[in-house]
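Participant: Show me the folded form of this:
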Amino acid sequence: MLAAVQQNGDALRCAAEALKADRAIVFAAVQQNAGALVHAAVALKADRDIVLAAVQQYGHALAFAAPEFKADRAIVRAAVQKKGRALRFAAPALKADREVVLNAVWQDGHALEFAAPEFKADRTIVLAAVQQDGTALLHASGELKTDATIVLAAVRSAGWALCHASKELKADATVVAAAVRQDGYALQHASRAVIGDATIVLAAVLHNGFALFYAPDALKADRAIVLAAVQQHGGALKYAADALKADRAIALAAVQKHGDALQFVAPTLKYDATIVTAAVRENGRALRFAASALRDDEWLKLLARRRSSWLPARAHAFLKLARDQSDAAVQSQVDLFLIKSDLADWISAKC
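Facilitator: Okay, here's the model as predicted:
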């Protein structure tokens, strides 16, 4: 049994009761898989060395420890240093222990959820929590959600944390700018007044083009903002003003980044061979969004089949390199592979 638990600690669950009470076997099991502690005999869940070994391997093993160890400061500190949210299994007195709580939030900001209420209003502890994970702002007191320093630290760590900020700070340009630079989607949580700021919207779409969705109509018609958005992700063209969907330079930038953005360009541009070719080069399946006249173009159909084949880009590059070799034997082997893979038209397709 010892060999079995050394390979897989969870094998302890299948052991005879006598073996679950064997100290050497249980110790080996928790060293391999801390969760095996749940299968140990009650007496060994009260063995300090075994419990310490378990929580040092996986903090949440504290859940299976004997009650006295959930109130043991050294054991709990070891557990939260490994897994901050193991604080949930600690005795109330240790959830109110400043050092233990700090160790927990340093490892996982969301451990703040399980701290004593007074620590959710403690500026030092909350700051440590949001610096580790900005979204831990959720667990802070209402007062600290109005603290600009705390909220700024939170959104710099995770822009999405803006949703937990006070109404006043959702209208603070400095806070919102920091949030959208970290996560463009945070724009949806900003106040209307700030969303109208072109600088902030530009910062948002530079991080995530789809943040354009949350911009006011006036900024969806701003050429610089839309161009930045589609350069980040071509699909953002979907949210641009109609006039910019007909802007050739913007449409080209969009399909070069994401071929399927061809579906969002103005109808007239779906007849534009340059734009359609760029889209198909990026993604062969984009051809289905072209005007019918171009969908029937033989060369474009050939290119589309090549660009939508199952071969990844690196394999394409390798095959091209191999076929470009002067060795006729190598060329014939590659061509044979392509034919057998139902990719014969790749042989003549242009790059």
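
Participant: Could you list the low-confidence segments of the stretch 1-150 of the chain?
Facilitator: Confidence mapping of the stretch 1-150 of the chain against pLDDT under 70 gives the ranges 1-5, 7, 9-15, 19-20, 22, 26-27, 30, 44.

Participant: Going along the chain, name the helices of it.
Facilitator: Counting by DSSP state H, counting those that start in this stretch, the stretch 1-150 of the chain has helices at residues 2-7, 17-20, 23-32, 42-45, 48-57, 73-82, 92-95, 98-107, 123-132, 148-157.

Participant: Which residues does the strand or helix carrying residue 203 contact?
Facilitator: Using DSSP states H and E, residue 203 falls within helix 198-207. Applying C-beta atoms under 8 Å, 6 or more residues apart in numbering, the contact partners of helix 198-207 are 159, 173, 176-177, 180-187, 190, 194-195, 211-212, 214-215, 219, 222, 224-225, 228-229, 232, 236. Every C-beta, even on glycine, is put in place using the N, C-alpha and C of the backbone.

Participant: The residues you listed in strands, which ones?
Facilitator: Among those, DSSP state E puts none in strands.

Participant: about what we covered before: with residue 168 as the reference, name the closest of the helices of the stretch 1-150 of the chain.
Facilitator: helix 148-157 (9.0 Å; C-beta to C-beta).

Participant: Quick one: list the elements packing against that closest one.
Facilitator: Other helices and strands packing on helix 148-157, by 3 or more C-beta pairs under 8 Å, 6 or more residues apart in numbering; DSSP states H and E, are helix 123-132, helix 173-182.

Participant: Report the buried residues of the first one.
Facilitator: Residues of helix 123-132 classed as buried: 125-132 (neighbour count, 16 or more other C-beta atoms under 10 Å).

Participant: Adding distance to residue 87, write these out as CSV.
Facilitator: Converted to CSV, the buried residues of helix 123-132 look like this (distance: C-beta to C-beta, whole Å):
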residue, distance to residue 87
125, 12
126, 15
127, 17
128, 13
129, 11
130, 16
131, 17
132, 13
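
Participant: Tell me the one of those residues nearest residue 154?
Facilitator: residue 130 (3.8 Å).

Participant: which residues touch the closest one?
Facilitator: 109, 136-137, 140, 150, 153-154, 157, 161.

Participant: ditto for residue 235
Facilitator: Residue 235 makes contacts with 209-210, 254, 258, 260-261, 264, as judged by C-beta under 8 Å, 6+ apart.

Participant: Same question for residue 122.
Facilitator: So residue 122 contacts residue 98 (C-beta under 8 Å, 6+ apart).

Participant: Tell me the spacing between the closest residue in space to residue 243 that isn't next to it in sequence and residue 198.
Facilitator: Leaving out its chain neighbours, the residue that sits closest to residue 243 by C-beta to C-beta, 6 or more residues apart in numbering is residue 221, at 6.4 Å. For residue 221, the distance to residue 198 (C-beta to C-beta, to the nearest Å) stands at 11 Å.

Participant: I'd like to know how many residues surround the closest residue to residue 67 other than its chain neighbours.
Facilitator: In space, and not counting its chain neighbours, residue 67 is closest to residue 91: 7.9 Å by C-beta to C-beta, 6+ apart. A total of 16 residues lie near residue 91 under the criterion other C-beta atoms under 10 Å.
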